[in-house]
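S.K.: Fold the stuff below for me.
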Amino acid sequence: MINKKGFAVHTIILILAILIGLGTFSYHYSLNENPVSGDYIGNVQLDIIRNFQNAESSLFYIDQSAKYSVQQALQQMADEGILYEPECGSFDGVNALAAIAKKGDDFDLKECSLDDKSLNENFLRYFNESFRNYIGNYPDAYIPDSYEYEIKGNELIGKAKENIVLQIVPEGFEAKPEIT
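M.R.: Next up is the predicted model:
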C-alpha cells in the first residue's frame, strides 16, 4: 500500500502550482492593453483571397471595357468616317474617302487608301481612345493604359506593357511619415 502522507503532499503542491500559474497568467493578461488582438488563424490567407478577388475584378473590368470600347469604336467609325485622321479631309464632320481638286481645266481625284491594314490601324486608334477613357475610371487599382494591340481574324488581342498595380494594405495600417 502507498504511503498516504506522501500522497497528500503531492496533491497540495499540484494545487499550489496551478494557482500560481493562473495568478501569473491573469497578471500578465491584465497588463496587456488590447487582450484580443483581432488576429486569428487564417487572417493572412483571407487577405490573400481578397486581393486575388480584387485582381480578378480588375481583369473583368478590363474585359468589359474592351467589349464596350469595340462597340463604341465601331459606332464612331460609322458616325465620323472610317479614317481617324483623313488624308482627304472632311465634309460636315464626316471624313472624306476621296478628294477632288481642280487643276486648270482638269480635275484631279485623290483616293484615300482603304486596305485592311489601314482599316485595322484606324479602328485601333478609335478603340484606344475609348478604351483609355474606361480604364482611367477604375477606382480600386492602377490599370496601365499602354497596350500593344494585334488583330487576328475576328479577334482583338491586347497585351499590357505594364502590370496592374493593386494597393495591398493590411487593416489598421497607419503610415506616419517623418520629414527630416
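
S.K.: Just the CA trace of stretch 156-167, in CSV.
M.R.: Coordinates of the C-alpha atoms in stretch 156-167 are reproduced here as CSV (Å, rounded to 0.1, in the frame of the first residue of the first chain):
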residue,chain,number,x,y,z
LEU,A,156,-8.6,41.8,-81.0
ILE,A,157,-5.6,40.9,-78.8
GLY,A,158,-4.2,43.4,-76.4
LYS,A,159,-1.0,42.8,-74.3
ALA,A,160,-0.2,45.2,-71.5
LYS,A,161,3.2,46.8,-71.4
GLU,A,162,3.0,47.2,-67.6
ASN,A,163,1.5,45.2,-64.8
ILE,A,164,-1.7,46.1,-62.9
VAL,A,165,-0.8,47.7,-59.5
LEU,A,166,-3.1,46.8,-56.6
GLN,A,167,-2.9,48.6,-53.2
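
S.K.: Give me the mean pLDDT for that stretch.
M.R.: Mean pLDDT, taken over the full extent of stretch 156-167, equals 84.

S.K.: Okay, and residue 110 sits in which element?
M.R.: In the assignment (DSSP states H and E), residue 110 maps to strand 106-111.

S.K.: Give the next helix or strand downstream of that strand.
M.R.: By DSSP H and E, the next helix or strand past strand 106-111 is helix 116-135.

S.K.: What residues sit buried inside whichever strand or helix holds residue 78?
M.R.: Following DSSP H and E, one finds residue 78 within helix 43-80. Taking 16 or more other CB atoms under 10 Å as the basis for neighbour counts, the residues of helix 43-80 that come out buried are 54, 58, 61-62, 65-66, 69-70, 72-73, 76-77. Yep, even glycine has a C-beta here, placed from its N, CA and C like the rest.

S.K.: With stretch 159-166 instead?
M.R.: Residues of stretch 159-166 include none that count as buried (16+ other CB under 10 Å).

S.K.: neighbouring contacts of it?
M.R.: 51, 54-55, 58-59, 140-144, 146-148, 150 (CB atoms under 8 Å, 6 or more residues apart in numbering).

S.K.: Show me where the protein dips below the pLDDT cut-off.
M.R.: Scanning the chain for pLDDT under 70 picks out 1-5, 33-39, 81-91, 93-96, 112-113, 169-180.
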